[in-house]
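K.L.:
Next input, structure requested:
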Amino acid sequence: MKTVLVTGSAGFIGYFLCTRLLQDGFRVIGLDAMTDYYDVALKERRHQMLLQNQHFKAINARVEDPDVLMSLFRTETPDIVIHLAAQAGVRYSIEQPRSYLESNICGTFELLEAARAHPPQHMLLASTSSAYGANTHMPYTETDKSDHQLSFYAATKKATENMAHSYAHLFGLPVTMFRFFTVYGPWGRPDMALFKFTKAILEGKPIDVYNYGDMKRDFTYVEDLVEGIRLLIDAVPVRPEDGIVPEGDSLSPVAPWRIVNIGNSEAVQLTDFIKAIEDATGRKAEQNLMPMQAGDVPATWANANLLQTLTGYRPKTSVHEGVARFVEWYRDYYQI
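P.N.:
Residues are numbered from 1 along each chain as shown. Below you'll find the predicted structure:
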């Protein structure tokens, strides 16, 4: 039985990933700090469900605290590491940038140092589509330049990509960075649009629609994302011979390191996303049209060809189907 360390295990994505790994017969060590960025009760409930499986072990700690990860690697010797723990949110990074520095950059540094001392077979680290920044060439491809991040959140995630590359080069650590695109679904984060919109619509309150609704997102259903991560575990990058990288691959010419998009490969208009929520709730949204928020981008759209090449898989859940599942969960969880 292989051991997988999942940081951020009580988070939205972390919960679904741990569930899938346990179903596949892995032993899972879940590390989470249970921070109060959003409702801690949601995080606690996710861990409670995971703890019903005897092969799940929960640890409450911060990844950025010195020696937490080093001690954990030393005692548990994980075969696979999936690093999801991070301070999330583009807009919050404008108000509280230090938390992004500590959690995202310092936390990733502690992880890399622990892996350097106790190398796992494969490390998979979460990045974000926000790393593409001001890039207007779409769909986003992993080999595109991504030098102009528009928020401090995106800048910290791009920094973690570069940090991981240096450790992959220096110490031969196999690293896959996955960039995900607007993940949504049941048990989602209350700070994200789907949760906020659904709550407001069901309460008969207006929703804030930025850039006057002229926004596009590559909405990715959470179980599709998790399927991609699960399959990438077995796609371990290796240092290319003679520095020759296959065409279309983001593999580094000098390290066992690559970036992989995990997205639905479809840019959905925000107004169509809102219409899917209206259909699922059976209620009309009152829209408060507003200008673009600082640090945000007007569109995201993933080219997922590399994911398909490496794993044979491509996310496929439609927005209407995924939104309907979320609304069903929301009504059940909050007894509406």
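
K.L.:
what about the helices in the stretch 151-300 of the chain?
P.N.:
152-171, 193-202, 222-232, 270-281 (DSSP state H, counting those that start in this stretch).

K.L.:
Could I have the CA atoms of the shortest one written out in CSV?
P.N.:
So that's helix 193-202. Listed next in CSV are the C-alpha coordinates belonging to helix 193-202 (Å, rounded to 0.1, in the frame of the first residue of the first chain):
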residue,chain,number,x,y,z
ALA,A,193,-18.8,32.7,-7.6
LEU,A,194,-20.9,29.6,-7.8
PHE,A,195,-21.4,29.4,-4.0
LYS,A,196,-22.0,33.1,-3.6
PHE,A,197,-24.4,33.3,-6.6
THR,A,198,-26.4,30.2,-5.5
LYS,A,199,-26.7,31.6,-1.9
ALA,A,200,-27.8,35.0,-3.1
ILE,A,201,-30.3,33.7,-5.7
LEU,A,202,-31.9,31.4,-3.2
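
K.L.:
Quick one: residues in contact with it.
P.N.:
184, 188-190, 206-207, 273-274, 277-278, 280-281, 283-285, 323, 326-327, 330-331, 336 (Cβ atoms under 8 Å, 6 or more residues apart in numbering). C-beta coordinates here come from the backbone N, C-alpha and C atoms, glycine included.

K.L.:
what's the distance between the nearest residue to residue 213 once chain neighbours are set aside and residue 281?
P.N.:
Distances taken as Cβ to Cβ, 6 or more residues apart in numbering put residue 271 closest to residue 213, at 4.9 Å, once the chain neighbours are dropped. Computed as Cβ to Cβ, to the nearest Å, the residue 271 to residue 281 distance reads 16 Å.

K.L.:
all strands for the protein, in order.
P.N.:
Shown for the chain, the strands assigned by DSSP state E span residues 3-7, 27-32, 56-60, 80-83, 122-128, 175-180, 183-184, 207-209, 216-217, 220-221, 257-262, 268-269, 287-289.

K.L.:
Provide the contact partners of the lowest-mean-pLDDT helix or strand in the chain at residue level.
P.N.:
The helix or strand of the chain with the poorest confidence is helix 92-95; it has a mean of 89 (mean pLDDT, DSSP states H and E). Contact partners of helix 92-95, identified using Cβ under 8 Å, 6+ apart, comprise 37, 87, 99-100, 151-153, 156, 191, 294-295.

K.L.:
where's residue 47 relative to residue 325, distance?
P.N.:
Computed as Cβ to Cβ, the residue 47 to residue 325 distance reads 22 Å.

K.L.:
And stretch 281-294, what's buried?
P.N.:
Residues 281, 285 are the ones in stretch 281-294 that count as buried (16 or more other Cβ atoms under 10 Å).

K.L.:
do the same with stretch 126-145
P.N.:
Buried residues in stretch 126-145, counted by 16+ other Cβ under 10 Å: 126-133, 135, 138-142.

K.L.:
Over to stretch 223-235?
P.N.:
Quick answer for stretch 223-235 (16+ other Cβ under 10 Å): 223-230, 232-233, 235.

K.L.:
Check stretch 163-179 too.
P.N.:
So, applying 16+ other Cβ under 10 Å, buried residues of stretch 163-179: 163-165, 167-169, 173-179.

K.L.:
Also stretch 62-75?
P.N.:
For stretch 62-75, using 16+ other Cβ under 10 Å, the buried residues are 62-64, 68-70, 72-73.

K.L.:
Report the rounded mean pLDDT for it.
P.N.:
Here stretch 62-75 scores 97 as its mean pLDDT.

K.L.:
Centre of the chain to that stretch, how far?
P.N.:
Computed by Cα atoms, centre = their mean, to the nearest Å, the separation of stretch 62-75 from the middle of its chain amounts to 21 Å.

K.L.:
In PDB, please show the C-alpha coordinates belonging to that stretch.
P.N.:
Taking Å, rounded to 0.1, in the frame of the first residue of the first chain, the C-alpha atoms of stretch 62-75 are listed here in PDB:
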ATOM      1  CA  ARG A  62       0.700  24.700   8.900                       C
ATOM      2  CA  VAL A  63       3.000  23.800   6.000                       C
ATOM      3  CA  GLU A  64       5.000  27.000   6.500                       C
ATOM      4  CA  ASP A  65       5.900  26.200  10.100                       C
ATOM      5  CA  PRO A  66       9.500  25.000  10.300                       C
ATOM      6  CA  ASP A  67      10.100  21.300  10.800                       C
ATOM      7  CA  VAL A  68       6.400  20.300  10.400                       C
ATOM      8  CA  LEU A  69       7.000  18.800   6.900                       C
ATOM      9  CA  MET A  70      10.500  17.700   7.500                       C
ATOM     10  CA  SER A  71       9.300  15.700  10.600                       C
ATOM     11  CA  LEU A  72       6.400  14.300   8.600                       C
ATOM     12  CA  PHE A  73       8.500  13.200   5.700                       C
ATOM     13  CA  ARG A  74      10.900  11.600   8.100                       C
ATOM     14  CA  THR A  75       8.300   9.500  10.000                       C
END
